[in-house]
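In: Sharing a model prediction with you, sequence too.
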Amino acid sequence: MAVDLSMLRGEALREEIGGEDMLRHLPAAAMPTDPAARFAALFAVKPRWELPDLEPYLADLQVPGRSAEFLLLTYARASQDSPSAPLVYSAR
């Protein structure tokens, strides 16, 4: 079986520290279930997130009428370093 980092989505966070890729254990199941507390915990770990990294931590918060986009608009601020750069989310 081939191992791929995508298998760790929602269980570990890939970070670059000192020029090296490191994995931080960050299980989505251990995060607070309250959306405001979840976003506070996520932004305490990492102040700026790209959407693909955030998605596994938002999946269990989504219910009918409350999509990932709704949660991001409510609890995060989107920004771009340049027009060609990806959107980055940070605390409000």
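Out: Ah, there it is.
In: From now on I want contacts and neighbour counts done on CA atoms only, so please keep to that.
Out: Will do.
In: got the contact list for the helix or strand bottoming out on mean pLDDT in the chain?
Out: Across the helices and strands of the chain, the lowest-confidence element by mean pLDDT, DSSP states H and E is strand 12-17, at a mean of 90. Under the contact criterion CA atoms under 8 Å, 6 or more residues apart in numbering, strand 12-17 has outside partners 21, 22, 23, 24, 25, 26, 27, 53.
In: tell me which residues in it are buried?
Out: 12, 13 (16 or more other CA atoms under 10 Å).
In: Note down every partner strand of that strand and its orientation.
Out: strand 20-25 (antiparallel) (DSSP bridges).
In: Let me know the average pLDDT across the strand it pairs with.
Out: When pLDDT is averaged along strand 20-25, the result is 92.
In: Show the subsequent helix or strand relative to that strand.
Out: Using DSSP states H and E, the next helix or strand after strand 20-25 towards the C-terminus is helix 35-45.
In: Secondary structure element holding the most centrally placed residue in the chain?
Out: What sits nearest the mean C-alpha location of the chain, by CA atoms, centre = their mean, is residue 54, with 2.1 Å. Residue 54 is located in helix 51-58, with elements delineated by DSSP H and E.
In: what do you get for residue 85?
Out: Residue-wise, residue 85 maps onto no helix or strand under DSSP H and E.
In: Any figure for the gap between it and residue 78?
Out: Residue 85 is 12 Å from residue 78, where distance means CA to CA, to the nearest Å.
In: Also residue 61?
Out: Going from residue 61 to residue 78 by CA to CA gives 19 Å.
In: Contacts for stretch 50-69, please.
Out: 9, 10, 13, 28, 33, 35, 86, 87, 88, 89.
In: give me that answer again for 10 Å
Out: For stretch 50-69, the surrounding residues in contact (CA atoms under 10 Å, 6 or more residues apart in numbering) are 8-14, 26-29, 31-35, 38-39, 42, 48-49, 70-74, 76, 78, 86-90.
In: contacting residues for residue 74?
Out: 35, 36, 68, 92.
In: after the helix or strand encompassing it, next one along is what?
Out: Assigned by DSSP H and E, residue 74 belongs to helix 68-75. Next along the chain after helix 68-75, taking DSSP H and E as the criterion, comes strand 76-79.
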